[in-house]
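> Below is the sequence, then the predicted model.
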Amino acid sequence: MLRTDKKIIDVCCGSKMFWFDKNNQNVIFNDIRSEKHTLCDGRTLKIHPDTNMDFTDLCDIPSGSMKLVVFDPPHLKSLGQNSWMAKKYGVLDNNWKTLISKGFSECFRVLERDGVLIFKWNETDIRTSEILKLTDKNPLFGHLSGKRSNTHWVCFINS
């Protein structure tokens with residue numbers, strides 16, 4: 001088990017794009033990937049998490065140990081594995097329903113009672129309503145954002 005006093009985990013942080021403080025000492029930044037890429041516009045994309053666990057098996061995180069979990073899994077399934085979008089966001093395979101369902105279960109496992117899960121989903125390929133059916137927890141509220149309002153931010157409490 002990972003010994004830490006940190007109470008926040010981003011389970012698939014990628015390049016930490018939406019974090020204001022990408023080195024926040026209160027957060028375990030986790031991703032299954034550790035990579036560095038040059039994107040099509042010449043920028044460098046670094047995925048350098050604190051830990052490398054699959055979000056469906058956060059084996060080093062004790063049950064009920066996190067106050068806040070951030071869950072922003074890959075959301076695209078129609079990408080080539082070597083496309084810059086795949087490198088930036090990851091790609092879902094044909095087993096995406098099982099993957100996301102296990103991800104939700106694992107996020108709620110590590111979350112303490114009355115802890116908060118922030119879930120981010122872009123519904124370019126899969127509707128948010130389909131994704132929310134993959135957990136038995138009911139969201140508290142959500143918010144649409146992005147240029148075309150395709151990105152949904154959803155908040156859950158682990159009760």
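Looks like it came in fine. Residues are numbered from 1 along each chain as shown.
> Tell me the bridge partners for the closest residue to residue 50 other than its chain neighbours.
Nearest residue to residue 50 in three dimensions, chain neighbours excluded: residue 29, at 4.8 Å (C-beta to C-beta, 6 or more residues apart in numbering). Every residue, glycine included, has its C-beta placed from N, CA and C. Beta-bridge pairing for residue 29 (DSSP bridges): residue 10.
> what about the residue lying farthest from the centre of the chain, helix or strand, and which?
Ranked by distance from the centre of the chain (C-alpha atoms, centre = their mean), the top residue is residue 42, with 25.4 Å. Assigned by DSSP states H and E, residue 42 belongs to no helix or strand.
> separation between it and residue 84?
Noted for residue 42: a distance of 11 Å to residue 84, by C-beta to C-beta, to the nearest Å.
> Tell me which stretches of this protein form helices.
For the chain, helices defined by DSSP state H occupy the ranges 84-89, 96-110, 128-132.
> Could you export the second one as CSV, keeping only the C-alpha atoms?
Same thing as helix 96-110. Backbone C-alpha positions of helix 96-110 (Å, rounded to 0.1, in the frame of the first residue of the first chain) are rendered in CSV as follows:
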residue,chain,number,x,y,z
TRP,A,96,-15.1,0.6,-22.6
LYS,A,97,-18.3,-0.1,-20.6
THR,A,98,-16.5,-2.6,-18.4
LEU,A,99,-13.4,-0.3,-18.1
ILE,A,100,-15.4,2.8,-17.0
SER,A,101,-17.7,0.8,-14.7
LYS,A,102,-14.6,-0.7,-12.9
GLY,A,103,-13.1,2.8,-12.8
PHE,A,104,-16.1,4.2,-11.0
SER,A,105,-16.1,1.2,-8.6
GLU,A,106,-12.4,1.7,-7.8
CYS,A,107,-12.8,5.5,-7.4
PHE,A,108,-15.7,4.9,-4.9
ARG,A,109,-13.6,2.2,-3.1
VAL,A,110,-10.7,4.6,-2.3
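> one step back: what sits against the residue nearest to residue 50?
By C-beta atoms under 8 Å, 6 or more residues apart in numbering, the contact set of residue 29 is 10, 13, 16, 22, 49-51.
> re the thing from before, can you redo the helices of the chain as CSV with distance to residue 6 and mean pLDDT?
Formatted as CSV, the helices of the chain follow (distance: least, C-beta to C-beta, whole Å; pLDDT from 0 to 100):
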stretch, distance to residue 6, mean pLDDT
helix 84-89, 25, 80
helix 96-110, 12, 98
helix 128-132, 27, 96
